[in-house]
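Colleague: give me a 3D structure for the following:
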Amino acid sequence: MDRTRMDAFNQGSPSFPPPRSVFRDGLGAAGIAVAGEEDGPQPCSRIPAAAPERQPMRWDGRAFAATVAAEVVPLLVLAHRRRAQPARHAPAGPPGALAEAIPVLADLAVRSEVDAAVALVEDLHWRGHSFDDLYLELISGVARHLGQLWHEDRLSFADVTIGTLALQRLLHALDHAFCACAEVVHRDPAKRALLASRPGEPHGFALDMLSAFLRRAGWEAATIAPADEAELCDAVRSSWYAVLGLSDSCGLSTDGMAGLIHAARRASLNRHLRVMVGGPAFAGDPEEALRVGADATAVDARHAVDQAEALFALVRRNS
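Modeller: Model (predicted):
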């Protein structure tokens, strides 16, 4: 496995996922306007018919402003909105305790000692740390730490693979407690999200993290690692989803992402499908999400839930 694919393990939490832009309507798959079919040959006439008088175009400023306010502005807000940082637990755990626990938990993960890892996280939770912080700062921090150790040649590929799999098992073991600590939410059966890695990339730890946060918020979340575009399209064609989340964990280039999103929208059972993207390429420039045709991006899993809720509101409004 080369260093590029290993970057997928260095993404602790997804920086993850607007209706189709009004400026994309009428565009073909390549983003080029498609002309209508000709009506066929017209009968000849000895006397050419007079050309119809050209009607001046009428600019409807109010209609245009309404379209911008309803479609474009919400997408810009979603692209730039950052999650608030409210206090979610009290009292807080000891400052610096989570940072000190990262190498300890990383060592347990590499040795695949999941039971000991669970005990460590539960102890930190008992000491006052919220599950949100434990997931986003500690467990995600361990994923980034493992990737950094690999870059420094202090861990082998096998070590990082074992450690990442152990973190996924840790999330699974904590799932019940994590979801039980959530406030009671109304479960809308239409809140369904498909989370997918970019075709060809492995199933990422970031997707499991986001899936846990969505399910705790009352969403039904499915995760896949499609081999190619066709497999992703089959997934959105076979089941209805309100939101599609795409993770580009390697982050080398966003080339091809626009075509992938366009194909998924065309194949989707939901003609108002909303798309959220995440990965290094979008973390530094939120507008890159709009440039590839997505609706939103997010700085972490908690923020991604807020974005998904906002996107779902747009789906509801347009359905």
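Colleague: what about the helix or strand containing residue 99, average pLDDT?
Modeller: Using DSSP states H and E, residue 99 sits in helix 97-110. Averaged over helix 97-110, pLDDT sits at 95.
Colleague: give me the domain ranges for the chain.
Modeller: In terms of domains, the chain is parsed into 14-22+187-318, 97-180 (source: automatic domain parsing).
Colleague: what's the weakest-modelled helix or strand in the chain?
Modeller: helix 3-6 (a mean of 44; mean pLDDT, DSSP states H and E).
Colleague: ranges for the helices of the stretch 101-250 of the chain?
Modeller: In the stretch 101-250 of the chain, the helices defined using DSSP state H, counting those that start in this stretch lie at 114-126, 131-133, 140-151, 157-180, 205-216, 229-238.
Colleague: export those helices to CSV and append columns for mean neighbour count, distance to residue 268 and mean pLDDT.
Modeller: C-beta coordinates here come from the backbone N, C-alpha and C atoms, glycine included. As requested, these are exported to CSV (neighbours: other Cβ atoms under 10 Å; distance: least, Cβ to Cβ, whole Å; pLDDT from 0 to 100):
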stretch, mean neighbour count, distance to residue 268, mean pLDDT
helix 114-126, 16, 37, 95
helix 131-133, 20, 31, 93
helix 140-151, 21, 30, 93
helix 157-180, 17, 28, 92
helix 205-216, 25, 18, 93
helix 229-238, 16, 4, 97
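Colleague: residue ranges with poor pLDDT in the stretch 201-319 of the chain?
Modeller: Applying pLDDT under 70 to the stretch 201-319 of the chain picks out residues 251-253.
Colleague: strands along that one, start to end?
Modeller: 220-224, 243-247, 274-278, 296-297 (DSSP state E, counting those that start in this stretch).
Colleague: rebuild these as TSV, extending it with distance to residue 148 and mean neighbour count.
Modeller: Below are these laid out as TSV (distance: least, Cβ to Cβ, whole Å; neighbours: other Cβ atoms under 10 Å):
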stretch	distance to residue 148	mean neighbour count
strand 220-224	25	17
strand 243-247	20	29
strand 274-278	20	30
strand 296-297	23	33
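Colleague: circling back: identify the residues contacting the helix holding residue 99?
Modeller: 114, 116-117, 120-121, 124, 127, 129, 133-134, 137-139, 141-142, 145-146, 149, 155, 159-160, 162-164, 166-167, 170 (Cβ atoms under 8 Å, 6 or more residues apart in numbering).
Colleague: and of the strands of the stretch 201-319 of the chain, who's closest to residue 186?
Modeller: Among the strands of the stretch 201-319 of the chain, strand 220-224 comes nearest to residue 186, with 13.5 Å by Cβ to Cβ.
Colleague: for the closest one, C-alpha coordinates in PDB please.
Modeller: Extracted in PDB, the C-alpha atoms of strand 220-224 (Å, rounded to 0.1, in the frame of the first residue of the first chain):
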ATOM      1  CA  GLU A 220     -30.700   6.000   9.500                       C
ATOM      2  CA  ALA A 221     -27.200   5.800   8.100                       C
ATOM      3  CA  ALA A 222     -25.700   3.300   5.800                       C
ATOM      4  CA  THR A 223     -22.000   3.100   4.800                       C
ATOM      5  CA  ILE A 224     -20.400   1.700   1.700                       C
END
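Colleague: partners of it, with directions?
Modeller: Strand 220-224 has the following sheet partners, assigned by DSSP bridges: strand 192-197 (parallel).
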